[in-house]
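*Asks:* just the structure for this:
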Amino acid sequence: MSTASTPSTAYRGVDMARGIALLGILFVNVRLYFWPLGVAIDPVIVPEGLWPTISDRAAWSVAEFLCTYKFNSLFSILFGFALALQVDQVIAAGGSIWKFGARRLSVLLLIGVTHGILIWYGDILLLYSVLGIVVIACARVPAKWIGRAILAIAIILVTITAISAPTRWATYAHPEWFGLPSIADMHGVADKHGAAGQSAAIAADAPRGYAAMVESNFDIGHPVWRDGETAAYREGPFLDALLFRAVSYRYQHVVWLKGYGWHALTMMLFGLYALRTGLFGAEASARRRRMGSIALAVGLPLSAIAVVPFWLPGVDHHTASAWHAMGLECGGLVLPIAYATLLVEFVPRLSSIISTPLERAGRMGVTLFVCESICCTALANWWGFGWFGTMLDLEVSVIAVAVWCVMLLFATVWLRVFKVGPLEELWQPRSRHPSVGSSAK
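*Replies:* Predicted coordinates:
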């Protein structure tokens, strides 16, 4: 077999796309590392005491437009593709796909739970370990049925979002209908697009830890919760931070069940579909370009819906927030397909100075995802620099780029010495191919 035909060569673009996805994911996650959860997921409010500039608004808009729901979806596509490729190898070798899946996914689950509770609540590896079961179960399903399943789930997701968007608007515009305080009373802070907030200092006698959770009625958007969360991560102690992290991790599981988990499953199934149809193969260049161009032309306008209303005069933030939810879901279903196809097509053509670090980062995707968490929490939390809640979008975006560059350097150096990343060594069985953390397994 020629070198050009081996999986490790044919799918180099998939690994490079994964390396780029780590940056896009970090642009989104960095806000969760440095802000209270209720602030990070709300398009209106900012951390107390901070005044957003036009540069912060622009940085937020770019991240929402190009990254939020897009690069984590790209990561899901590539995960589904790689897992399906490995299942094919197990079948070809006469092995049991369920023994293979149980071994691999149980280790991934353990890594995810450890990461989510002890390092950062935004872990996705637990979710991937669960959805991986579905990918393995669908491994022998014909491509046309996989395509139909993708379309059906996508339609359901868009329909649910379209129905829930008016409810989101009503919650913001008329909270009294739901027995809620007004947004101004509840938040008591600046929005991401307007005036200054209040003092960032947290009163010494303010509720901390579990007391803050109880007083806020476990509402992550309540100012008492946000103050307690900020104090826990910025000042400690360990048990308070652990409690907020564990509860936020559990909150994320609810979000997975209600929506994002289904979104990630759709993207993983597209990765399986890409393998079954040869979309990422060397012979599918024209098809990748065509699909990528169409997805880009459709996905960019859909994604713009999430941010443009915030910049339009006369559009209140209640209405803009409803459009924001629609734009994220619709754009997040289409634009990642453009990213996957176009990155796989064009990035391998770049100079090796650029492509090699990207490829090596992609081959260590799980390791670098966890390492990004360690680096960012060290910068944000009390046991490190304690910068939690002290900076806005532009500054945290710069941190994201810096951390990603460090990850590229780390992966480049590590894979000069070892064949796989440290976490890849744990959760991926050795094979005749050089890297199972990537698609080249």
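
*Asks:* touching, Leu66 and Ser303? I think so.
*Replies:* Yes - in this structure, Leu66 sits in contact with Ser303. The criterion is Cβ atoms under 8 Å, and the distance is 7.1 Å. Any C-beta I mention is one placed from the backbone N, CA and C, and that applies to glycine too.

*Asks:* compare neighbour counts for the two and give me the winner.
*Replies:* Comparing Leu66 with Ser303 by neighbour count (other Cβ atoms under 10 Å), the higher total belongs to Ser303, at 24 against 19.

*Asks:* which stretches of this structure have low pLDDT?
*Replies:* Per-residue confidence for the chain (pLDDT under 70) gives these ranges: 1-10, 172-205, 314-315, 429-441.

*Asks:* in it, which residue is most central in space?
*Replies:* Against the mean C-alpha coordinate of the chain, by Cα atoms, centre = their mean, the closest residue is Asn72 at 3.6 Å.

*Asks:* chain neighbours aside, what residue packs nearest to that one?
*Replies:* Leaving aside its sequence neighbours, Asn72 sits nearest to Ile25 (Cβ to Cβ, 6 or more residues apart in numbering; 5.4 Å).

*Asks:* so what sits against both of Leu66 and Ser303?
*Replies:* Common contacts of Leu66 and Ser303, defined by Cβ atoms under 8 Å, 6 or more residues apart in numbering, comprise Leu335.

*Asks:* what segments of the stretch 301-441 of the chain are helices?
*Replies:* Along the stretch 301-441 of the chain, counting by DSSP state H, counting those that start in this stretch, helices occupy 308-311, 317-346, 352-363, 365-380, 393-417, 422-427.

*Asks:* for the ones you listed, which one sits closest to Tyr33?
*Replies:* When those are ranked by distance to Tyr33, counting by Cβ to Cβ, first place goes to helix 365-380 at 3.9 Å.

*Asks:* can you spell out which helices and strands pack onto the closest one?
*Replies:* helix 12-34, helix 97-118, helix 393-417, helix 422-427 (3 or more Cβ pairs under 8 Å, 6 or more residues apart in numbering; DSSP states H and E).

*Asks:* 6 Å instead, please
*Replies:* Contact here means 3 or more Cβ pairs under 6 Å, 6 or more residues apart in numbering; DSSP states H and E; on that basis helix 365-380 packs against helix 12-34, helix 393-417, helix 422-427.

*Asks:* and the second one, how far out from the chain's middle?
*Replies:* Going back to what we said before, that points to helix 393-417. Distance, stretch centre to chain centre, for helix 393-417: 17 Å (Cα atoms, centre = their mean, to the nearest Å).

*Asks:* residues of it that come out buried?
*Replies:* Taking 16 or more other Cβ atoms under 10 Å as the neighbour-count basis, helix 393-417 is seen to contain the buried residues 393-397, 399-400, 403-404, 407-408, 410-412, 414-415.

*Asks:* and for stretch 83-92?
*Replies:* When burial is assessed from 16+ other Cβ under 10 Å, stretch 83-92 yields the following buried residues: Leu83, Ala84, Leu85, Gln86, Val87, Asp88, Gln89, Val90.

*Asks:* and the residues you listed as a markdown table, adding distance to Gly209 and secondary structure?
*Replies:* Converted to a markdown table, these look like this (distance: Cβ to Cβ, whole Å; DSSP: H, G, I helix; E, B strand; the rest coil):
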| residue | distance to Gly209 | secondary structure |
| --- | --- | --- |
| Leu83 | 39 | helix |
| Ala84 | 44 | helix |
| Leu85 | 46 | helix |
| Gln86 | 43 | helix |
| Val87 | 45 | helix |
| Asp88 | 49 | helix |
| Gln89 | 48 | helix |
| Val90 | 47 | helix |
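
*Asks:* and which of those is nearest to Val366?
*Replies:* The shortest approach to Val366 among the buried residues of stretch 83-92 belongs to Leu83, at 12.1 Å (Cβ to Cβ).

*Asks:* Ala154 versus that closest one, what's the distance?
*Replies:* 20 Å (Cβ to Cβ, to the nearest Å).

*Asks:* who touches the helix or strand hosting the residue nearest to the centre of the chain?
*Replies:* Element membership of Asn72 [criterion: DSSP states H and E] is helix 71-92. Contacts made with helix 71-92 from outside it, assessed by Cβ atoms under 6 Å, 6 or more residues apart in numbering, are listed as 14, 18, 21, 24-25, 97, 100, 128, 132, 135-136, 139, 264, 267-268, 270-272, 274-275, 332, 336, 339-340, 439, 441.

*Asks:* weed out the non-buried ones from those residues.
*Replies:* Among these, those that count as buried by neighbour count (16+ other Cβ under 10 Å) are 14, 18, 21, 24-25, 97, 100, 128, 132, 135-136, 139, 264, 267-268, 270-272, 274-275, 332, 336, 339-340, 439, 441.

*Asks:* report how many residues lie close to the closest residue to Gly24 other than its chain neighbours.
*Replies:* Excluding its sequence neighbours, the residue lying closest to Gly24 (Cβ to Cβ, 6+ apart) is Phe71, at 2.7 Å. Taking other Cβ under 10 Å as the criterion, the count of residues near Phe71 is 26.

*Asks:* from here on, count from 50
*Replies:* Happy to do that; since the first residue is 50 now, the last one works out to Phe120.

*Asks:* quick one on the thing from earlier: as JSON lines, the helices and strands packed on helix 414-429 with distance to Leu428 would be great.
*Replies:* As requested, the helices and strands packed on helix 414-429 are arranged in JSON lines below (distance: least, Cβ to Cβ, whole Å):
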{"stretch": "helix 61-83", "distance to Leu428": "8"}
{"stretch": "helix 442-466", "distance to Leu428": "7"}
{"stretch": "helix 471-476", "distance to Leu428": "21"}
